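>>> From the sequence below, what's the structure:
(one chain, ligands or ions: 2)
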Amino acid sequence: MNVLLLGSGGREHTMAWKIVKSSKLNKLYIAPGNAGTAKLGQNVDISLTNFEEIKKFVINNSINLLVVGPEAPLVDGIRDYFIADKLLSDVKLIGPSKIGALLEGSKSFAKEFMIKHNIPTANYGSFTKESLNEAINFLNKISPPYVLKADGLAAGKGVLIIDNIEQAKQSLIEMFDGKFGSAGNTVVIEEFLDGIELSVFILTDGSSYKILPEAKDYKRIGEGDTGLNTGGMGAVSPIPFADEPFMKKVEDRIIKPTIAGIIKDKIDYNGFIFFGLMNIEGNPFVIEYNVRMGDPESQVVIPRIKNDFLELLISVADKNLNTKTIELDERTVTTIVLVSKGYPENYEKGKVISNISEKNNTIIFHAGTKIDNDSILTNGGRVMAVSAFGKNIESALNKSYETAKNIKFEGKFFRKDIGFDL
Ligand code: AMP
Ligand code: GLY
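Ligands and ions are numbered 1, 2, ... in the order given. Reported below is the predicted structural model:
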């Protein structure tokens, strides 16, 4: 099997690391990839928005399976594009259709879906500039803090949580005036959910599903969950409070009705669903759907899956996932993300990275890195993630931190308190 994996983050390095362990693999290509994926397969310089180029590459290199890592190509309709083209009809593809991807690409679509299919989520209203008065009435009716969400994709930055009503009204107007570009043409206003967050993942072929290990990520830049939101500074799996009774509620109240809704609404969906959940006194509520794996959650979830990952993906594409059983590594995996100085705001690239050595059975997953002659250079805000297995959270973290401290590049920063709340 020849595989083309789209993406360039830690998530894709982790998937590549797992895919190359499969005896079913002939050749792995990653577009565009990073310095880590270059060691596992061949990086190819193709833009993820250029479906024509992707098509040419797939045909010329006899690709059998296309795995889409990030959400943007899915929201842009890469699945629909492949299905519509006779020359691509034999290519298996992991990722939902354009409509399915709206579960992530449009917050109002996702909320409507949840309400329609009785899936527990925060009460909400959806508004445009034309319905500003209704939006303000809605704000006046709910209690603080106020949650304002740009409807469209905003690179994780489109959610504002505001305590003061006047400030919330002001921010609402700014969103309609283009603070998040066209993503904010529609704004979802939600009631605040007060609880503990976690992420649950499934793999689905559109009718059956398998629950993958759950995880918790740490989104804020600063210790104690303070400061600006990032793509994620670290993660842990499993989560002690996601015990059997809680996970049964997640499955019965959230996963099953989501799959039933996808079937009922005739949504062409396969691949991953990432449920961003809030645990409120033992009851799960959906904060958001993502139509892909998480990053850095992949770096703790995928290492815990003992199955042949490529075989699992093939059974997703072939719609026989029901014949598979997920085998789990019961150990804990933690990951620590090393970021460039200044991230998530402005940061410099091109710093030489040294001491990239995997001590104590740790695994270094690259994100923003690139190869330059014989050196590996920083090439993004999140540079790499150090994952480690342990018999508990503490022992895994000790190993992750030992390797994380050892890696060197100018301006390296990482949070020292991942898992502090568990
Ligand atoms: P989202 O992009 O929808 O996941 O929102 C980003 C972050 O904002 C989430 O990870 C939560 O920490 C927070 N958040 C979003 N919606 C709510 C809500 N209704 N109540 C509390 N926190 C929320
Ligand atoms: N770590 C959060 C995400 O992947 O969306």
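>>> hmm, who's touching the helix or strand hosting residue 55?
Assignment of secondary structure by DSSP states H and E places residue 55 within helix 51-60. Residues from elsewhere that reach helix 51-60, judged by CB atoms under 8 Å, 6 or more residues apart in numbering: 4, 6, 29, 31, 44, 46-48, 63, 66, 73, 76, 78, 81-82, 85, 87-88, 91. C-betas here are computed from N, CA, C, even on glycine.
>>> can you narrow these to ones near ligand 2?
Of the residues in those, proximity to ligand 2 by CB under 6 Å from any ligand atom holds for none.
>>> Would you list the buried entries among those?
Buried residues within the contacts of helix 51-60, defined by neighbour count using 16 or more other CB atoms under 10 Å: 4, 6, 29, 31, 46, 48, 63, 66, 73, 76, 78, 81-82, 88, 91.
>>> Identify the residues contacting the closest residue to ligand 1 within the stretch 251-400 of the chain.
Ranked by CB to the nearest ligand atom, the top residue of the stretch 251-400 of the chain for proximity to ligand 1 is residue 288, at 3.6 Å. In this structure, residue 288 makes contact with 104, 107, 110, 276, judged by CB under 8 Å, 6+ apart.
>>> Which pLDDT does the model give the last one?
So that's residue 276. Among the per-residue scores, residue 276 holds a pLDDT of 97.
>>> Quick check: the residue of the stretch 251-400 of the chain closest to ligand 1 vs ligand 2, distance?
When CB to the nearest ligand atom, to the nearest Å is the yardstick, residue 288 and ligand 2 sit 8 Å from each other.
>>> Can I get the helix holding residue 55 in CSV? Just the C-alpha atoms.
Output in CSV follows, covering the C-alpha atoms of helix 51-60 (Å, rounded to 0.1, in the frame of the first residue of the first chain):
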residue,chain,number,x,y,z
PHE,A,51,-6.2,19.7,-5.0
GLU,A,52,-5.0,19.6,-8.6
GLU,A,53,-1.4,19.0,-7.5
ILE,A,54,-2.4,16.4,-4.9
LYS,A,55,-4.4,14.6,-7.6
LYS,A,56,-1.4,14.6,-10.0
PHE,A,57,0.9,13.2,-7.2
VAL,A,58,-1.6,10.5,-6.2
ILE,A,59,-1.9,9.3,-9.8
ASN,A,60,1.8,9.5,-10.7
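>>> Mind giving me the packing neighbours of the helix or strand just after it?
Scanning forward in sequence from helix 51-60, with DSSP H and E defining helices and strands, the next element found is strand 65-68. Packing partners of strand 65-68 (3 or more CB pairs under 8 Å, 6 or more residues apart in numbering; DSSP states H and E): strand 2-7, helix 78-84, strand 92-94, helix 309-317.
>>> ok so, going back, among the contacts of residue 288, name the ones in strands.
Counting by DSSP state E, these place residue 276 in strands.
>>> out of the contacts of residue 288, who's nearest ligand 2?
Looking at the contacts of residue 288 and their distance to ligand 2, the nearest is residue 276, at 7.5 Å (CB to the nearest ligand atom).
>>> wait, the closest one sits on residue 199?
Yes: using CB atoms under 8 Å, residue 276 makes contact with residue 199 at a distance of 5.9 Å.
>>> neighbour-wise, which of these two wins?
Applying other CB atoms under 10 Å to residue 276 and residue 199 shows that residue 199 carries more neighbours, namely 26 against 17.
>>> Would you verify that that one is located in a strand?
Yes: counting by DSSP: H, G, I helix; E, B strand; the rest coil, residue 199 falls inside a strand.
>>> Pull the contacting residues for it.
214, 215, 216, 217, 274, 275, 276, 277, 294, 297.
>>> Find me the pLDDT at it, would you?
Looking at residue 199, its pLDDT stands at 98.
>>> The chain should start at 54 in everything you say after this.
New numbering, starting at 54: the last item is residue 252.
>>> For it, give its distance to residue 192.
29 Å (CB to CB, to the nearest Å).
>>> Now for the buried ones among the contacts of helix 104-113: which two are most distant?
82 and 129 (20.0 Å; CB to CB).
>>> Break the protein into its domains for me.
Under automatic domain parsing, the residue ranges defining each domain of the chain are 55-151, 176-244, 246-383, 385-475.
>>> what about the shortest one, average pLDDT?
Right, the one you point to is domain 176-244. Domain 176-244 comes out with an average pLDDT of 90.
>>> before we move on, the earlier item: what comes up buried for the helix holding residue 108?
Under the neighbour-count criterion of 16+ other CB under 10 Å, helix 104-113 has 104, 107, 108, 110, 111 buried.
>>> just those now: which is nearest ligand 2?
Taking CB to the nearest ligand atom as the measure, ligand 2 lies nearest residue 107 of the buried residues of helix 104-113, at 22.4 Å.
>>> Would you mind extracting the C-alpha trace of stretch 336-351 into PDB?
The C-alpha coordinates for stretch 336-351 follow below in PDB (Å, rounded to 0.1, in the frame of the first residue of the first chain):
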ATOM      1  CA  ASN A 336     -21.900  14.500  33.300                       C
ATOM      2  CA  PRO A 337     -20.400  15.100  29.800                       C
ATOM      3  CA  PHE A 338     -21.300  18.100  27.600                       C
ATOM      4  CA  VAL A 339     -20.000  18.800  24.100                       C
ATOM      5  CA  ILE A 340     -18.000  22.000  23.800                       C
ATOM      6  CA  GLU A 341     -17.000  21.300  20.200                       C
ATOM      7  CA  TYR A 342     -16.500  18.800  17.500                       C
ATOM      8  CA  ASN A 343     -13.300  18.500  15.500                       C
ATOM      9  CA  VAL A 344     -13.200  16.300  12.400                       C
ATOM     10  CA  ARG A 345      -9.500  15.200  12.800                       C
ATOM     11  CA  MET A 346      -7.200  14.000  15.500                       C
ATOM     12  CA  GLY A 347      -5.900  16.600  18.100                       C
ATOM     13  CA  ASP A 348      -2.400  18.000  18.300                       C
ATOM     14  CA  PRO A 349      -0.700  17.300  20.800                       C
ATOM     15  CA  GLU A 350      -3.300  14.800  21.800                       C
ATOM     16  CA  SER A 351      -2.200  12.500  19.000                       C
END
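>>> Now find how far off-centre it is within its chain.
On the basis of CA atoms, centre = their mean, to the nearest Å, stretch 336-351 sits 7 Å off its chain's mean C-alpha point.
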